[in-house]
Structures are given as structure tokens and as C-alpha cells.
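Q: Attaching a predicted model along with its sequence, questions to come.
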Amino acid sequence: MNDEYPRPREPIDRPMFWEPSLRFLKYAIACLLAGSSAYLIGIFIFAPDQTVRAVEPIWIFLTTATAWVLLSRGRIETAFFVLAFGTWTAVTGLSIFFGGVRSTSVILYPPIIMTVGWLLGARSAAAVTLLTVAATFGFVLAESWGLLPLPAAAPPVLYWVVQSGAFIFSAIVIVFLARSYQGRLKEADKLGSDLAQRITEIKAAEQALRISEARFRNLTELSSDWYWEQDAQFRFTNMAGQLFEKTGIRIEDHLGKTRWDMPAANLSQADWAEHRALLERHQPFYGFEMQRPDPGGRPHWVSISGQPLFDDAGRFAGYCGVGSDITERKLAQLVLANMNAALDARVKSRTAELEQANEALQHSNMELQRFVYVASHDLKTPLRSIASFAQLLEKSMSGKLDAQADDWMRRIAANAQSMHRMLGDLRAYAQLDSAARPFERVELSDACRAALGWLRDSVQSSGAQISCGALPAVLGDTLQLTQLFQNLIGNALMYCGEAAPKIEISARDEDDHHIISVSDRGLGIEAGHQQRIFDMFYRLQTRQAYPGTGIGLAVCQRIVHRHRGRIWVESEPGKGSTFRFTLPMLENSRDSPV
């Protein structure tokens, strides 16, 4: 729609006062004002003796002026009416006094009728036409009966003024009528184009609707077995799909009935009441399961889902939804439930067996720890005697026997002392659990400082340089963590090579645990031995070169495991070793050890 010819918003017999009509009205008012003024001036100049003729131009002038005032105040339709019928009245009056049908004024009737038809509609034009025909017929009758006054001869210039005004007014009417109808034709063409486009859009929408309906049917068939509808009283009104093929239940047995009118073996009255309350609240439901028999009495499980329907006014109209036969799934669930029950029974039985085995293992470990403790304690006395007698024999017989005998006595004394240390380490290893204390908050820096205090003599004698960074607080056994640091630092002091030991102790966080590192620049460990060094009695060096029992790192591993961590070594021969172990952070620690 363009600005020059807007779409009419009123019926065809009451045209819309669009922009061309307003421009015509302005031109018509200007023309009539100018014509009436010119005619009035011509009377006073060329026919001063016929001043009676001035009544009509004065009437036209006043009518036109009134229309202009109404137009300026926005009363457009009233201005049209006043202009059209006021002009018609003036023309009729002129014709009465100046010759009837032979009057020059009647030439204005056709443009007036066209103007009325254009501006005020077909009915108004018909009314003016009938009035005009009646007036001219009255002129003829009045003239034939001698009732009309004889008109005085008027100067030619007045005829010229009236005819010129009539021609100009007619030309204005014709020009604007032509432009108006051209605009209407354009508007009609545009309406035709819009209508054709709308028809194309409607056809495309219909095609899309058919495609959508086909997709909906396909989706319904893929996702369910049948489709159903209910009215506002929850009675089935329509069912389509494979209900009979899947379950043997006939569709006609459902129509006109509610869902609870038919039996369902798995649902009680309370279940039906709850389902009906949900429907009365107009809420959707999903996966509502029912067990229903077919005509042969065989049970079938069905699952239905539904959505409420509402009309255009928002009133509840019923439900629609889909249903599926889930009998095979229910049977599979029953088989799976039986299997799960059997599996649960086996798991419980196996758990009971494992608990009994665990109790037996714990009892066996306690007996073994008791045996190791007793054996190591009882063996110390004879070993101490052997070592004492060997030392006495060595002192009393020194120089009286040959060199080989002296060497044998020294070996006996040394092995007895080594065995004594080994039994002590075995006893300590066996007491790791039995002598353990409940976990508490431990500052690792305090445990490390205590370990260095026990190793003060070794540190001073070796000239070791030891640096310790910030260490976190953990939940653990203070004595065992002190022993852990003592064993790791002691190993670094022992296996340092010829250079003075340099030991670094540090910590960092990773995920939910701390990683503690003890690094040295000692002998290092080959990759093939890095796992085995934590085994009991495993040694890389001879006792002659480096004294020890091979239990220290096994004790470290046992302590770390008890604190729910792990320990490993990263090493390269000749470049030193870094022992790392993990401990849970305080917020992730447990009150009880492993």
C-alpha cells in the first residue's frame, strides 16, 4: 500500500477520503470561490441593473466558505456534503430565475453528480441524479405553463464567466476522477497480486500441513503403537493404530468408556482415584502402566501418555495421547528382577564367605605378628650369648691361634650383631599395626624435625646439607610419620657416596593429596631395582660396604599404605634418588587408618 492511494477502509458506497479527494476538495473550493467572486464582480461591473443575479454567487461563496471552514477543522465528510448539495442548490436556484433548462447554470449538474458519486458514494449520487431529473422536469413543466420569470438579458461576459467556471470545475472533477480510478486500478492490481501471493502461501501452508501430518503419523507409529482421544468427561472418542494387532484388545470396546471403566489387574481403587484427580487438574501424564487382559484372558501390559486439549476460548476439551504395548519389556524386567535377586543372594553369600576369610586372615596376621614378635624377642637372648662368648673368645685367644681362626671369630661376632639388628627391625615391623595409635592432626614439619633430631650424630659426622621446605599438616600417626622421615633421610645419609650428602625435603599439592619428596645426590638406583627395593630384606649393597637389614624401605611402604598413600622412587645411577610418597589432604582424610 502506497501513501498516494491508501487502501479504502469503508464500503464502496462510502468511499474513503483519501489524499486525492482532499486535494480535489481544496481545488474545488478554490475554483468555486474564485468563480463566484469573478461572477459577482462581473455583475456589479457589466450588469449593475441586474443585482438580483448576485444572490446565487453570494450563496455559492458562502457555501464554499462554509465547506472550507469545516475542512480546516477536520470535518471532511461534512465539508463534502455542504459543498456538493450547496452547489447543487445554487445551480438549481440560478436555473429557476434565469431560464430553467436554458440557463447556463445547468451545465454544472454533471460535474456535481460525478463529485457526489466519487466523494459520497453511489447512493448519494443516485439521490442527486433523481433530484436533478426532477428539477429539470419541473423546469420544463413550469416553463410550458408560464410559471418561470422571464430572464433579463445578461452581458456575454457573464455567460463566459459561468461557462468557464463550469468547464474548469468539470475539468478538475475529470482529472481527479481519472487519477483516483487509476489509483484504484493500481490498488486493485496490488490487491490481486497480494491475493495471488496469499493463495500461493495458503497452498504452501496446506502442503506443509500435509507433510507435518504425515511426519506426525510416522513419528506416532515409530514412538508408539496407537493414538487415542478423550472428551471433557474422559470418555474415549477416537482410537487409531495397532492396539488390536499388539494386544488383541478391540478398539470398539473402549469407545464411549472411561479408562477406569475397564479392569486393570495392577491398579487399585486408590491408584485410579489418584490418576483421575490428575486428569481433573488437566495435567499431562507419562508412562501410566496398566495390566489388562485380552478377550482370551491373557494379560498384556500397556503404557500410555497424554496431554490435555483446550479450545480457542481456553476451555478444557479433553485429552489426546499415545499408547504402547510393553508386555515384552515387563517380562524381560521380571526375568531381570529374578536374576538380580539370585545375584544378590550370591553376592550376600560370597560377602559372608569373604568376611569369614577376612576374619581368618586378620587372625592369621595377628598370630604371625605375635609369632614374629615372640620369635625375635626369644632369639635375642641366645644371639646375645653367642655374640658375648665370641667376643670373650676373641679377646682371650687373640694371638694364640692362627689368622684364619681370628677371622672366623670376628665374623661370628659381626654376624651375631647383624642378626640382632635384623631381629630388632623384624620386631619393629611386626609392631607397626599392633603398636599404632589413632590418627590425629600431625604437622609434617614437626615430624621431620623430630627425625632429624634422632639422626643428629649421623648428620654432623657426614657433614650433610639438609634443606626442608614448607610441609603441610595431615591426619596420621605422629610416631610412624617420624619413623618414615627417619628411614628415608637415614638412607640418603648412608648411600651418599664419597661426597658430603645434600638432601632436599619438599611438598606440593596434586588433586586431593599432598606429594612429599626426599631427594639426595647419592649413588642412585637402576630402573630394574626401583620396585623391588621396597620388598622385605632386599638389598642393593653388601653388608660389608653398607650396614643394614633391608627392612627400612619395607617399613616405609607399610607406614604409607596405612595412611592411605603410595610411595615410589625416581632415580638415575650416579645422579641421586628422589623418594616420593602421597598423603591425603586433611579434608579428604579419614579418622581410621587402613
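A: Thanks, I have the structure now. Note that the structure is a prediction, hence the values are computed from the model and not measured.

Q: Now do the helices in the stretch 151-300 of the chain.
A: 156-223, 243-247, 269-280 (DSSP state H, counting those that start in this stretch).

Q: Considering those helices, which stretch scores lowest in mean pLDDT?
A: Mean pLDDT is lowest for helix 156-223 among those, at a mean of 70.

Q: Please list the residues outside stretch 445-455 that contact it.
A: The contact list for stretch 445-455 (Cβ atoms under 8 Å, 6 or more residues apart in numbering) reads 459, 466, 468, 470-471, 478, 481-486, 489-490, 493, 505. No exception for glycine: its C-beta is placed from N, CA and C like everyone else's.

Q: Residue 323 should be in a helix, yeah?
A: No - under DSSP: H, G, I helix; E, B strand; the rest coil, residue 323 sits outside any helix and is assigned strand.

Q: and the gap between it and residue 85?
A: Residue 323 is 75 Å from residue 85, where distance means Cβ to Cβ, to the nearest Å.

Q: Look at the two and report which has more neighbours.
A: Applying other Cβ atoms under 10 Å to residue 323 and residue 85 shows that residue 323 carries more neighbours, namely 23 against 18.

Q: Phi and psi next, for the closest residue to the more buried one other than its chain neighbours.
A: Nearest residue to residue 323, sequence neighbours excluded (Cβ to Cβ, 6 or more residues apart in numbering): residue 304, at 4.3 Å. Backbone geometry at residue 304, expressed as degrees, to the nearest 10, gives phi -130, psi 150.

Q: On the strand side of things, show who residue 304 bridges to.
A: Going by DSSP bridges, residue 304 is paired in beta bridges with residue 288, residue 323.

Q: Just give the number of residues close to it.
A: When neighbours are defined as other Cβ under 10 Å, residue 304 has 19 of them.

Q: again, but for residue 341
A: As a burial measure, residue 341 scores 10 neighbours (other Cβ under 10 Å).

Q: Please report the distance of it from residue 32.
A: From residue 341 to residue 32 the distance is 107 Å (Cβ to Cβ).

Q: and if you look at residue 332?
A: Separation of residue 332 from residue 32 (Cβ to Cβ): 97 Å.

Q: can you check residue 475 too?
A: 110 Å.

Q: out of these two, which sits in the more crowded spot?
A: residue 32 (27 against 20).

Q: pretty sure that one contacts residue 86?
A: No - judged on Cβ atoms under 8 Å, residue 32 makes no contact with residue 86 at a distance of 9.3 Å.

Q: and for the two, which residues touch both?
A: 60, 63-64.

Q: For these, give me TSV that also has distance to residue 244, pLDDT and neighbour count.
A: What follows is these, written out as TSV (distance: Cβ to Cβ, whole Å; pLDDT from 0 to 100; neighbours: other Cβ atoms under 10 Å):
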residue	distance to residue 244	pLDDT	neighbour count
60	89	74	27
63	85	79	22
64	86	78	26
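
Q: need these in CSV with distance to residue 200 and secondary structure, can you?
A: Output for the shared contacts of residue 32 and residue 86, formatted as CSV (distance: Cβ to Cβ, whole Å; DSSP: H, G, I helix; E, B strand; the rest coil):
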residue, distance to residue 200, secondary structure
60, 54, helix
63, 52, helix
64, 50, helix
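
Q: Looking at the residues you listed, spot the one nearest residue 253.
A: residue 63 (84.1 Å; Cβ to Cβ).

Q: Quick check: chain neighbours aside, which residue is closest to that closest one?
A: residue 86 (3.0 Å).

Q: count of residues packed around residue 515?
A: The burial count for residue 515: 15, using other Cβ under 10 Å.

Q: Give me the three-state assignment for it.
A: Here residue 515 is recorded as strand under three-state DSSP.

Q: which residues does it contact?
A: Applying Cβ under 8 Å, 6+ apart, one finds that residue 515 lies in contact with 507-509, 580-582.

Q: pretty sure residue 33 belongs to a strand, no?
A: No - with three-state DSSP as the criterion, residue 33 is helix rather than part of a strand.

Q: my read: it touches residue 62, true?
A: No - using Cβ under 8 Å, residue 33 is not in contact with residue 62; the gap is 10.4 Å.

Q: who has more neighbours, those two?
A: Using other Cβ under 10 Å, the more surrounded residue of residue 33 and residue 62 is residue 33, with 16 against 13.

Q: Tell me how far the nearest residue to that one once chain neighbours are set aside lies from residue 31.
A: With sequence-adjacent residues excluded and distances taken as Cβ to Cβ, 6+ apart, residue 33 is closest to residue 64, at 5.1 Å. Residue 64 is 9 Å from residue 31, where distance means Cβ to Cβ.

Q: One more: residue 293?
A: Between residue 293 and residue 31 the computed distance is 95 Å (Cβ to Cβ).

Q: Same check on residue 336?
A: Distance, residue 336 to residue 31, using Cβ to Cβ: 99 Å.

Q: Also residue 516?
A: Distance from residue 516 to residue 31, by Cβ to Cβ: 110 Å.

Q: So between those two, which is more surrounded?
A: Under the criterion of other Cβ under 10 Å, the comparison of residue 516 against residue 31 puts residue 516 first, with 26 against 17.

Q: Surely that one is in contact with residue 568?
A: No - between residue 516 and residue 568 there is no contact under Cβ under 8 Å: 11.8 Å.

Q: list the residues that contact both of these two?
A: 580-581.

Q: After the helix or strand bottoming out on mean pLDDT in the chain, which helix or strand is next?
A: One helix or strand of the chain scores below all others by mean pLDDT, DSSP states H and E: helix 403-434, with a mean of 64. Downstream of helix 403-434, the next assigned helix or strand under DSSP states H and E is strand 440-443.

Q: Export only the CA atoms of the following helix or strand past that following strand, formatted as CSV.
A: For strand 440-443, the following helix or strand on the C-terminal side (DSSP H and E) is helix 444-454. Only the C-alpha atoms of helix 444-454 are listed here, as CSV (Å, rounded to 0.1, in the frame of the first residue of the first chain):
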residue,chain,number,x,y,z
LEU,A,444,54.9,-32.9,59.0
SER,A,445,57.4,-30.2,59.7
ASP,A,446,57.4,-31.3,63.3
ALA,A,447,57.7,-35.0,62.4
CYS,A,448,60.7,-34.2,60.0
ARG,A,449,62.3,-32.1,62.7
ALA,A,450,62.0,-34.9,65.2
ALA,A,451,63.5,-37.4,62.7
LEU,A,452,66.5,-35.1,62.2
GLY,A,453,66.9,-34.9,66.0
TRP,A,454,67.3,-38.7,66.1
